[in-house]
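1. pasting the sequence and the predicted model now:
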Amino acid sequence: MACPKDYGTDEERRAYINSHMSELHPVMKKLRELMETHPRGFLISSPNTAMILSNVLQLAGVKKCIEVGVFTGYSSLAWALSIPEDGKVVACDISTEFTDIGKPFWKEAGVEHKIDLRIAPAAETLQAMIDGGESGTYDFMFIDADKESYDTYYEQGLQLLRQGGIIAVDNSFWMGRCMKESDTSLPTQAIRQLNAKIKKDPRVTSVMINISDGIFICLKK
C-alpha cells in the first residue's frame, strides 16, 4: 500500500532549501545585493541555481565554459570562481549595457582574466568558434538568453562540447507557461519544443531539475 507523503508547499520547500545552502562567495553576494534595487534585477540567476551548477562544474572537472546570455555577469562570475586558474568562460551577450555592471565584480573577485566577454549575437559567436576548429573542446555551456533561439544554441553547444560535456538550459519551466497548453506565445513554444526534443534526444542523457525556474541538465554522450 502506498505511503501518504506530504512534501510541503513549493514556498515552504524553497524557503527551507535556501536556508540550508552554503554562503555565496562575498563578491557574488555583493553583486546580488546591488541587483536587488535594479529595475531588471529579477533576471539574475537564483542563488541555488548558481550554487548547484558551480558544484557540477567542480565535480565534473570543468575547465572551459560557454555562457549564452550574460546580463550583469553573476553566472559568469560563479563559473569563473569554480574553474581552475587557467580555465576560461566565453561569455556571449549582445550589449554592454548590463555586462558593464558586472565587470568590476569580476575584477574584485580576481577572475576577470578567466572571462572572455564577446559582444555580438550569440549564434554568430558560437558559429565562429565552430568554424575556427573549436568543436569538441568545451566542457560546459549555460543557456539563458532569448528563448526563440534556444534550439540554435543547444545544437551549436552540442558541437562545441566534448563527450561528457554538460549543457544546462535555464528557464525550462518558463514561469509555469510551458505547462499551460493555452500559452502559444513564441518564447513558450520554443522552450516547450526544446524540452520535448531533449527528452528524446539520443545524443544526451538529461534530467530537468526543480529549482528556480527549472534547469534542464544534459550530458553529451
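-> Everything's here; your move.
2. what's the burial count for the closest residue to Met35 other than its chain neighbours?
-> Computed as CB to CB, 6 or more residues apart in numbering, the closest residue to Met35 that is not its neighbour in sequence is Gly41, at 3.9 Å. C-beta coordinates here come from the backbone N, C-alpha and C atoms, glycine included. For Gly41, the neighbour count with other CB atoms under 10 Å is 14.
3. can you check Ile191 too?
-> Neighbour count of Ile191, defined by other CB under 10 Å: 24.
4. go ahead and confirm Lys147 touches Ser185.
-> No. Counting by CB atoms under 8 Å, Lys147 does not reach Ser185; the two are 9.3 Å apart.
5. which one's more surrounded, these two?
-> Neighbours of Lys147 and Ser185, each counted by other CB under 10 Å, are more numerous for Lys147; the result is 19 against 10.
6. please name the nearest non-neighbouring residue to that one.
-> Pro187 (3.7 Å).
7. and that neighbour, what pLDDT?
-> As summarised for this prediction, Pro187 has a pLDDT of 93.
8. any idea which helix or strand carries it?
-> Assessed by DSSP states H and E, Pro187 sits inside helix 186-200.
9. so which elements touch that helix?
-> Judged by 3 or more CB pairs under 8 Å, 6 or more residues apart in numbering; DSSP states H and E, helix 186-200 is in contact with helix 150-160, strand 204-209, strand 215-220.
10. okay, those, which one's buried deepest?
-> Mean neighbour counts were compared across those using mean count of other CB atoms under 10 Å; the top stretch is strand 215-220, at a mean of 22.
11. number of nearby residues for the residue nearest to Cys92 when sequence neighbours are not counted?
-> Leaving aside its chain neighbours, Cys92 sits nearest to Ala122 (4.0 Å; criterion: CB to CB, 6+ apart). A count of nearby residues for Ala122, using other CB under 10 Å, gives 25.
12. kindly report the same for Val90.
-> For Val90, the tally of surrounding residues (other CB under 10 Å) stands at 22.
13. and the helix or strand encompassing it with helix 150-160, angle?
-> Following DSSP H and E, the helix or strand that holds Val90 is strand 88-93. Here strand 88-93 points in a direction 160 degrees away from that of helix 150-160 (axes from the mean of the first three to the mean of the last three CA atoms, to 10 degrees).
14. name the helices or strands packed onto strand 88-93?
-> strand 64-68, helix 74-82, strand 115-119, helix 122-131.
15. from Ile215, how far out is Gly87?
-> Computed with CB to CB, to the nearest Å, the distance linking Gly87 and Ile215 is 21 Å.
16. list the contacts of Val89.
-> If a contact means CB atoms under 8 Å, 6 or more residues apart in numbering, then Val89 has Cys65, Ile66, Glu67, Ser76, Trp79, Ala80, Ile83, Lys114, Ile115, Asp116 as its contacts.
17. what is the neighbour count of the closest residue to it other than its chain neighbours?
-> Excluding the flanking residues, the one nearest Val89 by CB to CB, 6+ apart is Cys65, at 4.4 Å. Burial of Cys65 is recorded as 27 neighbouring residues (other CB under 10 Å).
18. in this structure Cys65 contacts Phe140, no?
-> Yes. Between Cys65 and Phe140 there is a contact at 4.6 Å, judged by CB under 8 Å.
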